[in-house]
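Student: Sequence isn't available, so here's the structure alone:
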């Protein structure tokens, strides 16, 4: 089943059903009492219901946000579970189970440090760094940008991988637009691109600061510690 067909299921939760119930409980009695026909009351009730509808819609479409605290500053990231459910769930499991305790930013890719690469990109990469780490979860399926519609723009967060379906704990953040990383892009020979799943909404100055740090062969001379990663309310 494609992610588009999974969207409605994301809101079929006890919390969503409870909100539906509250909305109907407020609306139906007013309708039954025919309060809409009573002059001034009609305006008040319509305004109240309009506000309730706005609250109802905003609650249902709210995306989770994650705060990433680094040695150089904070980065706030909005995640898109309705578009990339598997990838977002994987990332949130690392966050909620405190699996990023040892995480760092360790790799930076700039136009100057990609000799021999025809299709150049600009990203910073972070995660658990080790190929095998006790906090690492099993690999997840590859959600392509063709499936999700989340393209690699300035500030997009995406999963690092080798073959499709090998992504685990490593992620990267784009600096500038990176179409070569999308599905069909030429950066990876398999043409499957990388699995984007969110967007930096605050702290891109920190991302750019990390990208400019001294490096050797794309790997930072001193890795930047990620001090905390937490889900915002």
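Tutor: Now that the structure is in, tell me what you want to look at. Please read these numbers as outputs of a predicted model, since none were measured by experiment. Residues are numbered from 1 along each chain as shown.
Student: where in this structure is pLDDT low?
Tutor: The chain contains residues with pLDDT under 70 at 1-61.
Student: Can you give me the buried ones in the longest strand seen in it?
Tutor: Identified as the longest strand of the chain according to DSSP state E is strand 219-232. Within strand 219-232, the residues that qualify as buried are 220, 223-224, 226, 229, counting by 16 or more other C-beta atoms under 10 Å. Using the backbone N, CA and C atoms, a C-beta is placed for each residue, glycine as well.
Student: and what of stretch 75-95?
Tutor: By neighbour count with 16+ other C-beta under 10 Å, stretch 75-95 contains the buried residues 75-88, 90-91, 94-95.
Student: now stretch 144-159
Tutor: Of all the residues in stretch 144-159, those buried under the rule 16+ other C-beta under 10 Å are 144-145, 148, 150-152, 154-159.
Student: Of the residues you listed, which belong to strands?
Tutor: Using DSSP E, the buried residues of stretch 144-159 in strands are 156-159.
Student: Just send those back as TSV, with distance to residue 105 too.
Tutor: Putting those into TSV (distance: C-beta to C-beta, whole Å) gives the following:
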residue	distance to residue 105
156	16
157	12
158	14
159	15
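Student: Name the nearest of these relative to residue 116.
Tutor: Closest approach between these and residue 116, by C-beta to C-beta: residue 158, at 22.9 Å.
Student: Show me the beta-bridge partners of that closest one.
Tutor: Using DSSP bridges, the bridge partners assigned to residue 158 are residue 172, residue 196.
Student: how about the strands in this structure?
Tutor: 65-70, 73-79, 104-109, 123-127, 156-159, 171-174, 195-202, 215-216, 219-232.
Student: The buried residues of strand 219-232: which two are farthest apart?
Tutor: Distance extremes for the buried residues of strand 219-232: the farthest pair is 220 and 229 at 18.6 Å, using C-beta to C-beta.
Student: can you tell me which of the ones in strands among the buried residues of stretch 144-159 lies nearest to residue 207?
Tutor: residue 157 (9.8 Å).
Student: What residues does the closest one make contact with?
Tutor: Residues in contact with residue 157 (C-beta atoms under 8 Å, 6 or more residues apart in numbering) are 77, 171-174, 196-200.
Student: switch to 10 Å and redo it
Tutor: Under the criterion of C-beta atoms under 10 Å, 6 or more residues apart in numbering, the contact list for residue 157 reads 66, 68, 75, 77-80, 87, 91, 123, 126, 150, 171-174, 196-200, 207.
Student: Next: residue 173.
Tutor: 68, 75, 77, 105, 122-126, 152, 154-158, 198-200, 203-204, 206-208, 210-211 are the contacts of residue 173 under C-beta under 10 Å, 6+ apart.
Student: picking that back up, now, which of the buried residues of strand 219-232 sits nearest residue 131?
Tutor: Residue 131 has its nearest neighbour among the buried residues of strand 219-232 in residue 223, at 15.7 Å by C-beta to C-beta.
Student: Specify the beta-bridge partners of the residue nearest to the closest one when sequence neighbours are not counted.
Tutor: Among residues not flanking residue 223 along the chain, residue 104 sits closest, at 4.0 Å (C-beta to C-beta, 6 or more residues apart in numbering). Per DSSP bridges, the residues bridged to residue 104 are residue 127, residue 225.
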